[in-house]
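**Q** Predicted model and sequence follow; I will ask about them next.
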Amino acid sequence: MPSIAIVGAGPGMGLAIARTFGSQGFDVALIARNRDKLDDLVGRLATDGITAAAFPADVLDHDALTQALKDAATHFGGIDVLEYSPAGSIESLTLTAPSGTDPSDVQWGMDFLLYGAIAATRAVLPAMREAGAGTLLYTNGGGSVDPIPMFGNLNAAQAALRNWVLNLHKELAGTGIQAAHVAIGVWIGTDGPPGTPTASAEEIAPLYWDLHTQRDEVERVFTA
């Protein structure tokens with residue numbers, strides 16, 4: 001069976017992506033910090049007839065993240081698709097406008113988004129190169145494409161991830177490996193601020209399957 005590793009797996013997008021790929025015959029490796037929450041997701045996927053396993057790791061701990069992905073590859077006999085979507089909470093961030101941003105204001109976003117993505121990619125890409133096949137998918141906010149001043153520091157890190165993914169796509173052209181970027185420009189779920197466009201994770205998840213199968217595309221932007 002082919003397998004997908006979902007980094008930052010949670011009950012929203014992570015579960016929806018797992019179900020999307022699982023329904024196509026994929027085994028699912030779930031990676032996030034909380035073992036109990038991962039085990040709950042494994043059970044929910046099992047109810048759907050999808051084989052999944054939990055590999056706890058924090059994306060800010062690159063050694064642990066690398067080991068989790070190696071363990072997942074050993075468990076499932078390889079990783080065919082990597083999906084990177086660490087779930088941070090905006091409420092826990094100090095957001096700054098561009099002119100008020102200090103270098104330290106961008107550091108957390110760079111660690112969480114860009115550096116974690118690089119670490120995860122380095123863990124799976126050598127085997128994909130050897131096989132001449134694989135898919136690398138990266139989830140990001142809509143501010144990576146169309147920035148919003150109040151999210152100045154976060155958008156800077158999001159844009160850095162997007163730039164790196166688009167460049168990785170160019171580098172891997174012709175190798176059989178697809179790298180693509182998903183920018184989500186809506187609030188996922190129904191509990192967003194008044195007037196904010198919303199969508200369900202189930203509405204967004206098919207984009208990931210499209211990018212896996214339609215391998216000439218480098219990016220999809222989901223908006224209301």
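**A** Okay, I see it. Numbering: from 1, shown residues only.
**Q** what's the offset of the longest helix belonging to the chain from the middle of its chain?
**A** For the chain, the helix with the greatest residue count under DSSP state H is helix 152-171. Relative to the centre of its chain, helix 152-171 is centred 13 Å away, using CA atoms, centre = their mean, to the nearest Å.
**Q** Pull out the buried residues from that helix.
**A** For helix 152-171, the buried set under the neighbour-count rule, 16 or more other CB atoms under 10 Å, comprises 152-162, 164-166, 168-169. Where C-beta positions appear, they are placed from N, C-alpha and C, glycine not excepted.
**Q** next one: stretch 66-75
**A** The neighbour-count criterion (16+ other CB under 10 Å) identifies 66, 68-69, 72-73 as the buried residues of stretch 66-75.
**Q** Could you list the low-pLDDT ranges of the protein?
**A** Counting by pLDDT under 70, the chain has low-confidence residues at 88-92.
**Q** where do the helices sit along it?
**A** Secondary structure of the chain, counting by DSSP H: helices at 13-22, 35-47, 62-76, 103-109, 116-131, 152-171, 201-204, 206-213.
**Q** To Ile177, which of those helices lies closest?
**A** Between Ile177 and the helices of the chain, the shortest gap by CB to CB is with helix 116-131, which sits at 5.1 Å.
**Q** hang on, the earlier thing: for the longest helix of the chain, give me every contacting residue.
**A** Taking contacts as CB atoms under 8 Å, 6 or more residues apart in numbering, the residues outside helix 152-171 that touch it are 90, 93-101, 105-106, 108-110, 112-114, 117-118, 121, 136, 138, 140-141, 143-145, 147-148, 178-181, 183, 218-219.
**Q** and with 6 Å instead?
**A** Residues lying outside helix 152-171 but in contact with it, judged by CB atoms under 6 Å, 6 or more residues apart in numbering, are 96-98, 101, 105-106, 109-110, 113-114, 117, 138, 140-141, 143-144, 147, 179, 181, 218.
**Q** Stretch 16-25 too?
**A** Applying CB under 6 Å, 6+ apart, the contact partners of stretch 16-25 are 4, 6, 28, 45, 50, 83, 201-202, 205, 208-209.
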